[in-house]
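Visitor: need a 3D model of the sequence below.
(one chain, ligands or ions: 1)
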Amino acid sequence: MSQEQELAQIRDRIDAIDHQLMDLITERAVCARKIAKIKIAAGDWQFYRPEREAQILRRIKAENPGPLGDEEMTRLFREIMSACLALEQPLTVAYLGPAGTFTQTAALKHFGRSVKTVPLGTIPEIFREVEAGSVHYGVVPVENSTEGVVSHTLDSFVASPLFICGEVCVRIHHFLLSRETTLSAVNAVYSHQQSLAQCRGWLDRNLPQAERIPVASNAEAARLVAERPGTAAIASEAAAEIYALDILAKRIEDEPDNTTRFLIIGRADAPMSGDDKTSLLLACRNEAGGLHAMLTPLVDHDISMTRIESRPSRRGVWDYVFFVDIMGHRENPAVLAALEHLKRETLFVKVLGSYPEAVL
Ligand SMILES: O=C(O)C(=O)C[C@]1(C(=O)O)C=C[C@@H](O)C=C1
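Guide: Purely as a prediction, here's the structure:
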């Protein structure tokens, strides 16, 4: 067989496989529609099921035979599921805008591309819109953020009735975007101040002469640069497309493992998925041993803590609340027992939500 004949044969096989895939995806979509009908008949308007989605994606990851990597395979299934959910209910998801921020990347990574993402200007606005029910969910950065808003997110939880129903981590890569085509034409670099800091080494080496100008967000930097000759922005790859800018340099961050964690907020948290986390807001007694008493119940019930963050409580000087993440769902017996114990040992305990550990 000639090379050309072999190529034609393999392409015929690909066409047949695509046809089968289409039939199977269609059958899956019909199943999702049937599920929606059952939910509606039962008066259950909870179409999005974070725990079920996490279970499906974990199974796909575990069963992936290769040669496609786990990330690729789960991404494909993420999109199929996103399209199926959109048939049941088109979701609206608010994120910290403008378009092209890493928070939008996080929203699309978590929900897939069949949701409608809505950019909002501030984190409190995202909380307000989710509370009011004008959007279904919100996505907010919480840890190791490039946008410098961690404390705004944590503070918003103190008075909010919302729950955390998911988490997603995004590897942050910075791109130098510009209307210019050469580095020598750039005399000012705009970005969020944390992103400027994260690329300091690269800027020192490659653009020592350029002024560094901090602005509210990386996407805002891209927007400004699109209107100003002689400037460049440090922003996401997505921002290049949105603001029609050229990529002058890729992955210019000094630390290659820079990751930001985002939370999904909604009006309910998630049922148990089998691999869950719980976020708590705690206030310990302002006395000797208060912090120790707060941590003892976790140790006693063998609960592992993945994060602890303190924030001023705003009730008085030197008065703090603690944001604590633990492994396990709030309905898990050990977590339940630890929570009961915590209620006795602390001034107050608020469960901010249990949710599946990030899969993607
Ligand atoms: O299992 C469900 O409840 C569904 O609605 C189906 C489905 C899916 O496509 O697999 C779609 C949306 C949910 O978020 C979870 C799963």
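Visitor: from here on, just use CA atoms for contacts and neighbour counts.
Guide: OK.
Visitor: what is the subsequent helix or strand relative to the host helix or strand of residue 28?
Guide: Residue 28 belongs to helix 3-41 when assigned by DSSP states H and E. Per DSSP H and E, the first helix or strand lying C-terminal to helix 3-41 is helix 50-63.
Visitor: what comes up buried for that following helix?
Guide: 50, 51, 53, 54, 55, 56, 57, 58, 60, 61 (16 or more other Cα atoms under 10 Å).
Visitor: now that helix: average pLDDT?
Guide: Helix 50-63 shows an average pLDDT of 98 in the prediction.
Visitor: oh, and call the first residue 48 from now on, that's how I've got it
Guide: All right, first residue 48 from here; so that's helix 97-110.
Visitor: name the residues that touch whichever helix or strand comes after it?
Guide: On the C-terminal side of helix 97-110, the closest following helix or strand by DSSP H and E is helix 117-135. Residues outside helix 117-135 that contact it (Cα atoms under 8 Å, 6 or more residues apart in numbering): 72, 75-76, 79-80, 83, 94-95, 100, 104, 107-108, 111, 158-162, 407.
Visitor: wait, does helix 117-135 contact the ligand?
Guide: Yes - legend: contact between helix 117-135 and the ligand by Cα under 6 Å from any ligand atom is shown at 128, 131, 132.
Visitor: how about those residues in JSON lines, adding distance to residue 349?
Guide: Shown next, in JSON lines, are the residues of helix 117-135 next to the ligand (distance: Cα to Cα, whole Å):
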{"residue": "128", "distance to residue 349": "35"}
{"residue": "131", "distance to residue 349": "39"}
{"residue": "132", "distance to residue 349": "37"}
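Visitor: put the buried members of those residues into a PyMOL selection.
Guide: Burial among the residues of helix 117-135 next to the ligand is assessed by 16+ other Cα under 10 Å; the matching PyMOL selection reads:
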select buried, resi 128+131+132
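Visitor: what is the burial count for residue 89?
Guide: 9 (other Cα atoms under 10 Å).
Visitor: turn the residues of helix 117-135 next to the ligand into a markdown table, including pLDDT.
Guide: Putting the residues of helix 117-135 next to the ligand into a markdown table (pLDDT from 0 to 100) gives the following:
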| residue | pLDDT |
| --- | --- |
| 128 | 98 |
| 131 | 98 |
| 132 | 98 |
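Visitor: re the thing from before, and the ligand, which of the contacts of helix 117-135 contact it?
Guide: Near the ligand, by the rule Cα under 6 Å from any ligand atom, you find 79, 94, 95, 100 out of these.
Visitor: count the neighbours of the first one for me.
Guide: It refers to residue 79. So residue 79, with other Cα under 10 Å, has 20 neighbours.
Visitor: for it, what are its contacts?
Guide: Applying Cα under 8 Å, 6+ apart, the residues contacting residue 79 are 131, 132, 134, 135.
Visitor: low-confidence ranges in this structure?
Guide: Residues of the chain meeting the criterion pLDDT under 70: 191-197, 361-365.
Visitor: let me know the next secondary structure element after the helix or strand containing residue 243.
Guide: For residue 243, the element it lies in under DSSP H and E is helix 240-245. From helix 240-245 onward toward the C-terminus, using DSSP H and E, the following helix or strand is helix 247-253.
Visitor: any idea how far residue 357 is from residue 366?
Guide: Using Cα to Cα, to the nearest Å, we find residue 357 at a distance of 10 Å from residue 366.
Visitor: burial check on residue 93, number of neighbours?
Guide: Neighbours of residue 93 (other Cα under 10 Å): 11.
Visitor: now it: closest residue in space, sequence neighbours ignored.
Guide: Spatial nearest neighbour of residue 93, chain neighbours left out: residue 86 (7.7 Å); criterion: Cα to Cα, 6 or more residues apart in numbering.
Visitor: the ligand versus the one you found, what's the distance?
Guide: Between residue 86 and the ligand the distance is 8 Å, computed by Cα to the nearest ligand atom, to the nearest Å.
Visitor: residues touching that residue, list them.
Guide: Contacts of residue 86 (Cα under 8 Å, 6+ apart): 92, 93, 94.
Visitor: residue 81 is in contact with the last one, correct?
Guide: No - Residue 94 sits out of contact with residue 81 when judged by Cα atoms under 8 Å, with a separation of 11.8 Å.
Visitor: of the two, who's got more company?
Guide: residue 94 (17 against 13).
Visitor: any idea how far residue 86 is from the more buried one?
Guide: For residue 94 relative to residue 86 (Cα to Cα), the value is 7 Å.
Visitor: residue 391 now?
Guide: Distance from residue 391 to residue 86, by Cα to Cα: 39 Å.
Visitor: then residue 123?
Guide: Distance from residue 123 to residue 86, by Cα to Cα: 26 Å.
Visitor: try residue 400
Guide: 23 Å.
Visitor: what about the nearest residue to residue 222 once chain neighbours are set aside, how many neighbours?
Guide: Distances taken as Cα to Cα, 6+ apart place residue 297 nearest to residue 222, at 4.7 Å, with adjacent residues excluded. Number of residues near residue 297 (other Cα under 10 Å) recorded here: 14.
Visitor: residue 297 contacts residue 221, correct?
Guide: Yes - assessed by Cα under 8 Å, residue 297 is found in contact with residue 221 at 6.8 Å.
Visitor: intersection of neighbour lists for these two?
Guide: Contacts common to residue 297 and residue 221, judged by Cα under 8 Å, 6+ apart, are absent.
Visitor: residue contacts, residue 383?
Guide: By Cα under 8 Å, 6+ apart, residue 383 lies in contact with residue 377.
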